[in-house]
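**Student:** for reference, the sequence and a predicted model appear below.
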Amino acid sequence: MPASAVEFEIRTPRADDFERDVSPLLGAHRLQLQGRGARSAFYLRHKALPRIGLSTVRYGRAVGVEVLAERGHWSVSKVSAGCVAVGTGPRAVPHRQGSWTVYAPDSDDSLSFDAQGEVQTLALPLAALDGALTALLGRPAPAPLQLPHGLQASAAQARRLDQVAARLWGMDEGGTLPDTVLRLHEELALYELLLALPHAHSALLQQATRPPGPLPVRRACDFLQAHVQAGGRGDIALSEVAAHAGLGVRALGEAFMRELGVSPMRYLRHLRLDRARLDLLAGRCSVTEAATRWGFWNLGDFARHYRQRHGELPRAARAAGRVFPTKAPP
């Protein structure tokens, strides 16, 4: 195996040794043992790629785990066996086998494993994700990347994450790969993760991954995206969008329908609905606050448009966000 890919296992009966060995890989850990366990209870399998780290962890007994902030990477974790409760007290939410969850690098997280609990984690360094985002956009992102902390992946997202993890774990099982091939596989995995998980730049990525359209449409999209990025929630005249695109209003509408399949104003609505969803998933605000923050003054209309865009009512995203409250954005 090339020096850029290293795989190893750790087995130990001592909790303090396990905390010490796991912390540099997944972030500082504190364990609280519950009940009695076998001597060889603690197990870690780790694969270090040039940028991404993959780990499988199990404790072989009921244990509470506190993962401290300042990890330097986003963690995307799957419960691969048993049950892991996320949170503390009555707010703890059980995550069953097969569920994927996103954990932010600046958040303390409390987990409770049952005796069969096992978690598989992709550790995604901040710089690696930012670099991949810049490559996908073709330019630096207008703001730092923020994934929704505590997001539980949908069934479709979970399938894509399963595929990415399986490829990363198994891509060199038939023998060592050249370093350039290894890095290419890793780069493609980062791209797929950014496209699979929602974040503030998802709309930009959707536009960037489309075949290039006429320059006026790209100008209009850039103008609308900048308007939303700056927190614009008030009405914006279609004539103003058309002026930035260098077209008449009718010609701009026809160009949008031809290239994107939606009108300019519906495209703007989608951008705002995407930002409202991120706020709800992050637990930053109530449904009413999310609606008014992004320019929806009628809650009935907001719920109807939100469901058309995201396939669920806003309160479902808000309920998920309560498990993982995050700091309000600056």
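**Tutor:** Good, I have the coordinates.

**Student:** which residue is the nearest non-sequential neighbour of residue 77?
**Tutor:** residue 121 (4.4 Å; Cβ to Cβ, 6 or more residues apart in numbering). Yep, even glycine has a C-beta here, placed from its N, CA and C like the rest.

**Student:** direction included, what does the helix or strand hosting that neighbour pair up with?
**Tutor:** If you go by DSSP states H and E, residue 121 is part of strand 118-125. Note on strand 118-125: by DSSP bridges, its sheet partners are strand 53-58 (antiparallel), strand 73-81 (antiparallel).

**Student:** deepest-packed of those strands, please.
**Tutor:** strand 73-81 (a mean of 22; mean count of other Cβ atoms under 10 Å).

**Student:** roughly how far out does that strand sit from the chain middle?
**Tutor:** Remark: strand 73-81 is offset 11 Å from the chain centroid, using Cα atoms, centre = their mean, to the nearest Å.

**Student:** counting contacts, what elements does the helix or strand just after it pack onto?
**Tutor:** Following strand 73-81 in sequence order, the next helix or strand is strand 83-86 (DSSP H and E). Judged by 3 or more Cβ pairs under 8 Å, 6 or more residues apart in numbering; DSSP states H and E, the packing partners of strand 83-86 are strand 93-96, strand 109-113.

**Student:** give me the domain ranges for the protein.
**Tutor:** Domain assignment for the chain, taken from automatic domain parsing, gives 1-200, 210-321.

**Student:** and the shortest one, how far from the chain's centre?
**Tutor:** Here the centre of domain 210-321 is set off from its chain's centre by 20 Å, with Cα atoms, centre = their mean.

**Student:** please apply the same query to stretch 20-27.
**Tutor:** Relative to its chain's centre, stretch 20-27 lies at 22 Å (Cα atoms, centre = their mean).

**Student:** list the contacts of residue 227.
**Tutor:** 236, 268 (Cβ atoms under 8 Å, 6 or more residues apart in numbering).

**Student:** next: residue 97.
**Tutor:** Here residue 97 is in contact with 79, 80, 81, 82, 83 (criterion: Cβ under 8 Å, 6+ apart).

**Student:** the closest residue to the first one other than its chain neighbours bridge partners, please.
**Tutor:** By that I understand residue 79. Of all residues not flanking residue 79 in the chain, residue 95 sits nearest, at 4.9 Å (Cβ to Cβ, 6+ apart). Note on residue 95: beta-bridge partners by DSSP bridges are residue 84.

**Student:** residue 95: neighbour count?
**Tutor:** Using other Cβ atoms under 10 Å, residue 95 has 22 other residues around it.
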